[in-house]
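Engineer: Sequence first, then the predicted structure:
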Number of protein chains: 2
Amino acid sequence: MFEIVHVSGTARAGKLYTKHGKVETPCFMPVATKGSVKTLSSQEVADLGVQAIISNAFILFLRPGVEVIEKAGGIHEFMNWNRTIFTDSGGFQMLKKDFLLGVNRKGVVFRSPFDNTKHLFTPEMCMEIQSSLKSDVAMVLDDCPPFTKEFSYINESLIRTIEWAKRSITLRSNGQLVFGIIQGGTYPDLRRKAVEELVIMDFDGYGIGGLSLGEPKEVMLDILEYTCRLIPEEKPRYLMGVGSPLELLESISSGIDIFDSAFPTRNARHNTVYTWKGKYNITRGKFSEDFSPLEEGCSCFTCKNYSRAYIHHLMKVYETLGMRLITIHNLYFLQQLMKEARQAIIEDRFNDFKSEFQRYQ
Amino acid sequence: MFEIVHVSGTARAGKLYTKHGKVETPCFMPVATKGSVKTLSSQEVADLGVQAIISNAFILFLRPGVEVIEKAGGIHEFMNWNRTIFTDSGGFQMLKKDFLLGVNRKGVVFRSPFDNTKHLFTPEMCMEIQSSLKSDVAMVLDDCPPFTKEFSYINESLIRTIEWAKRSITLRSNGQLVFGIIQGGTYPDLRRKAVEELVIMDFDGYGIGGLSLGEPKEVMLDILEYTCRLIPEEKPRYLMGVGSPLELLESISSGIDIFDSAFPTRNARHNTVYTWKGKYNITRGKFSEDFSPLEEGCSCFTCKNYSRAYIHHLMKVYETLGMRLITIHNLYFLQQLMKEARQAIIEDRFNDFKSEFQRYQ
């Protein structure tokens, strides 16, 4: 299910096998929360070389509803994507998106943004939904507390997350991989407890949640490194919701295999272009007559066909094609970054690769 | 420059040759007012079989500015489209878009929507701009009055349009075709006067403006038929801003060769799907679990890859991919409609073709 191809320091190159094929790691998953990677067709995402995307069980449960996707034959058929799909549980979204009414042992009480009705979302429902969606990898429902809370609050939340994980793992459906989620905020003791408890349940992989929520970067990296060391080496490690190109490389150093983040696509829609030499805002005046591509030497569809000046213009006049062209470039850039990071690990020169990259960021 | 391949009744199949190749007529041009067919890349537009698009001199003059496009090497290079580009003068936009401060003999006085400054836009500027943009076909600046105005008002406006046309034709630049625009509202006498005066100036083709602005449909079709009969047969006739699939066929009957309209793309962004059996709104509840394509038997990218249920979902949750998928389908449909209309003309069975189509609309 997960094969480690090479380890260099604590960085790993691997292969995750799912019902829909192979995912080479380290890998970055574009986010398709509502069943589409924003602005892109599934063919365009495939053309970027993307092997896995992540959608969201809770969001799809709200719209279009699980029944629709079930009738379509599953999430792959619904969105016409035949490679790997992870589904996040939605615990994170419930916290962030003002859906939340409360959390108790049973599950999460939330208000539907569509009809304002009150619902209970339980770990069991969450597994059932993901089984119906037929995603390749299901994430268990977790309780993701704000990092600013004190030890006792995070501890109680963690106890809940662990209990939910226990109730979830027994509902594993045929052929679907299930990942547990490690919480515990910025407290090493709680992270240790989380890993110990979840490892007993023998998940197919481990998500690390509750990081990159605003805590200082050194704290994040310390906790990450500490947590990674505790997870059995043979299991894939997925750092949820991270992040910037540099954070990806730093986390790979600590032993992370899988990432997702809405930032590269959201930033694209807000004019930010990623490159090997740092990022920039395409609407800046100096690009209005710059007829070079978004990044010199880049082989993405956007860079092969359009100029900065054209994309600058599109973004200035709010043509959605502009957002799409930057999204394509940013995702292609991250795919290339992961590919080259993987090669560097295999050739035992990852640290040099990272330092070189860091110099320009 | 324009070759008539076959005439059937008053319907014509032809070929227009421009600097960027051949345009088979009857033809429908998607609108790229700001330099992009909304939601689509130029490759996608080409993949639909589109041979000509229309952009807008006035809008591009405002943003990104003529200098930028000149430095890019012209509008084709700027937007990476190597087939025919018409540029409309912008007379119509100035009227519709609240830019207008006034019209006098010199030209149109307008307020820039970007910095609120006051400008004069003259027929001479309009030709110069289009020469700099290097479009294949330039439209002269016209004064497009509301159809509700009385004879004397329309007459005065027409006198202005004719004078502007005279000032424009002398500024024809090398290799660019220039079309005059026939105004005259719903008054046959004024339409006749417009044609007579413009024909003396010997334009490469004739746009018919000031129709489909809200006047009754029979009035529109009567005026159109009347006007078409007056235009020399060997010149291409372009009905500006029309329209619905049925209006296209009715106008082809009268002898129109070229069309443009923002409706098929704008309607797509507002959920309306065109088909051979009429149009429908994809957000209607009955499509939520309909896994057939937008139109059974359609060979467009959208219909080959996605279901109504998926596109219904995308539109319900405001994912821009949905708008793009419907835009692709609607434009493909119109390309097919024009192709089949052309074949029907060539085979002298256009009236049957039109009646058959009409039955389902």
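Structural biologist: Arrived safely.
Engineer: Can you name the residues of the stretch 151-300 of chain A sitting close to chain B?
Structural biologist: Applying C-beta under 8 Å from any C-beta of the partner chain, we find that the stretch 151-300 of chain A lies next to chain B at A:288-289, A:291. Every C-beta, even on glycine, is put in place using the N, C-alpha and C of the backbone.
Engineer: Show the pLDDT at residue A:77.
Structural biologist: Each residue has a pLDDT score; the one for residue A:77 is 98.
Engineer: Three-state assignment for it, please.
Structural biologist: Of the three states, residue A:77 takes helix under DSSP: H, G, I helix; E, B strand; the rest coil.
Engineer: in chain A, what residue sits furthest out from the centroid?
Structural biologist: residue A:289 (35.7 Å; C-alpha atoms, centre = their mean).
Engineer: how about that residue, what does it touch?
Structural biologist: A:309, B:67-68, B:71 (C-beta atoms under 8 Å, 6 or more residues apart in numbering or on different chains).
Engineer: Among these, which pair sits farthest apart?
Structural biologist: Across the contacts of residue A:289, the longest distance by C-beta to C-beta is 10.8 Å; it joins A:309 and B:67.
Engineer: Look up the closest residue to residue A:169, ignoring the ones flanking it.
Structural biologist: Nearest non-adjacent residue to residue A:169, counting by C-beta to C-beta, 6 or more residues apart in numbering or on different chains: residue A:201, 4.7 Å away.
Engineer: likewise residue A:323?
Structural biologist: residue A:269 (4.5 Å).
Engineer: Likewise for residue A:24?
Structural biologist: residue A:15 (5.7 Å).
Engineer: State the distance from residue A:231 to chain B.
Structural biologist: Going from residue A:231 to chain B by C-beta to the nearest C-beta, to the nearest Å gives 35 Å.
Engineer: what about that residue, distance to residue A:346?
Structural biologist: Distance, residue A:231 to residue A:346, by C-beta to C-beta, to the nearest Å: 21 Å.
Engineer: ok, those two, which is more surrounded?
Structural biologist: residue A:231 (21 against 14; other C-beta atoms under 10 Å in any protein chain shown).
Engineer: quick one: the more buried one and residue A:195 touch, right?
Structural biologist: Yes: with contact defined as C-beta atoms under 8 Å, residue A:231 and residue A:195 form a contacting pair (5.9 Å).
Engineer: who touches residue A:35 in this structure?
Structural biologist: Here residue A:35 is in contact with A:55, A:60, A:64, A:75, A:78-79, B:310, B:313-314, B:319 (criterion: C-beta under 8 Å, 6+ apart).
Engineer: Say whether chain B is contacted by stretch A:90-103.
Structural biologist: No: judged by C-beta under 8 Å from any C-beta, stretch A:90-103 stays clear of chain B, getting no closer than 13.3 Å.
Engineer: Same question for the longest helix anywhere in chain A: list its buried residues.
Structural biologist: Scanning chain A for the helix with the most residues, using DSSP state H, yields helix A:320-346. Within helix A:320-346, the residues scored as buried using 16 or more other C-beta atoms under 10 Å in any protein chain shown are A:320-338, A:341-342, A:344-345.
Engineer: burial count for the closest residue in space to residue A:191 that isn't next to it in sequence?
Structural biologist: For residue A:191, ignoring the flanking residues on the chain, the nearest one in space by C-beta to C-beta, 6+ apart is residue A:184 at 3.9 Å. Close neighbours of residue A:184, defined as other C-beta under 10 Å, add up to 26.
Engineer: Now do residue A:184, the pLDDT please.
Structural biologist: 97.
Engineer: any chance you could map the helices in the stretch 201-350 of chain A?
Structural biologist: For the stretch 201-350 of chain A, applying DSSP state H, counting those that start in this stretch gives helices covering A:217-230, A:245-254, A:263-269, A:301-305, A:308-316, A:320-346, A:350-359.
Engineer: Redo the ones you listed as JSON lines? Include distance to residue B:164.
Structural biologist: JSON lines is the format used below for the helices of the stretch 201-350 of chain A (distance: least, C-beta to C-beta, whole Å):
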{"stretch": "helix A:217-230", "distance to residue B:164": "63"}
{"stretch": "helix A:245-254", "distance to residue B:164": "55"}
{"stretch": "helix A:263-269", "distance to residue B:164": "42"}
{"stretch": "helix A:301-305", "distance to residue B:164": "37"}
{"stretch": "helix A:308-316", "distance to residue B:164": "28"}
{"stretch": "helix A:320-346", "distance to residue B:164": "33"}
{"stretch": "helix A:350-359", "distance to residue B:164": "59"}
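Engineer: right, and the ones you listed - which one's nearest residue B:300?
Structural biologist: Counting by C-beta to C-beta, residue B:300 lies closest to helix A:320-346 out of these; the figure is 18.5 Å.
Engineer: what is the mean pLDDT for that closest one?
Structural biologist: pLDDT averaged over helix A:320-346 gives 98.
Engineer: Check which element follows the least confident helix or strand in chain A by mean pLDDT along the chain.
Structural biologist: Within chain A, no helix or strand scores below helix A:91-96, which has a mean of 73 by mean pLDDT, DSSP states H and E. Heading C-terminal from helix A:91-96, the first helix or strand you meet, by DSSP states H and E, is strand A:100-103.
Engineer: same for that following strand, what does it pack against?
Structural biologist: Strand A:100-103 sits against strand A:108-111, with contacts defined as 3 or more C-beta pairs under 8 Å, 6 or more residues apart in numbering or on different chains; DSSP states H and E.
Engineer: doesn't residue A:38 make contact with the residue nearest to residue A:323?
Structural biologist: Yes: taking contacts as C-beta under 8 Å, residue A:269 lies within contact range of residue A:38: 6.9 Å.
Engineer: so what sits against both of these two?
Structural biologist: By C-beta under 8 Å, 6+ apart, the residues touching both residue A:269 and residue A:38 are A:323, A:327.
Engineer: for residue A:190, helix, strand, or coil?
Structural biologist: Applying three-state DSSP: residue A:190 is helix.
Engineer: Could you pull up the residues touching it?
Structural biologist: A:151, A:154-155, A:158, A:183-184.
Engineer: what about burial for the residues you listed, which qualify?
Structural biologist: A:154-155, A:158, A:183-184.
Engineer: mind putting these in TSV, distance to residue B:221 and secondary structure included?
Structural biologist: Compiled in TSV, the buried ones among the contacts of residue A:190 are given as follows (distance: C-beta to C-beta, whole Å; DSSP: H, G, I helix; E, B strand; the rest coil):
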residue	distance to residue B:221	secondary structure
A:154	73	helix
A:155	77	helix
A:158	74	helix
A:183	69	coil
A:184	74	coil
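Engineer: Just name the closest of the residues you listed to residue A:116, please.
Structural biologist: residue A:183 (29.2 Å).
Engineer: Present the buried ones among the contacts of residue A:190 as a markdown table; the columns should include distance to residue A:103.
Structural biologist: Rendered in a markdown table, the data for those read as follows (distance: C-beta to C-beta, whole Å):
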| residue | distance to residue A:103 |
| --- | --- |
| A:154 | 13 |
| A:155 | 14 |
| A:158 | 12 |
| A:183 | 12 |
| A:184 | 16 |
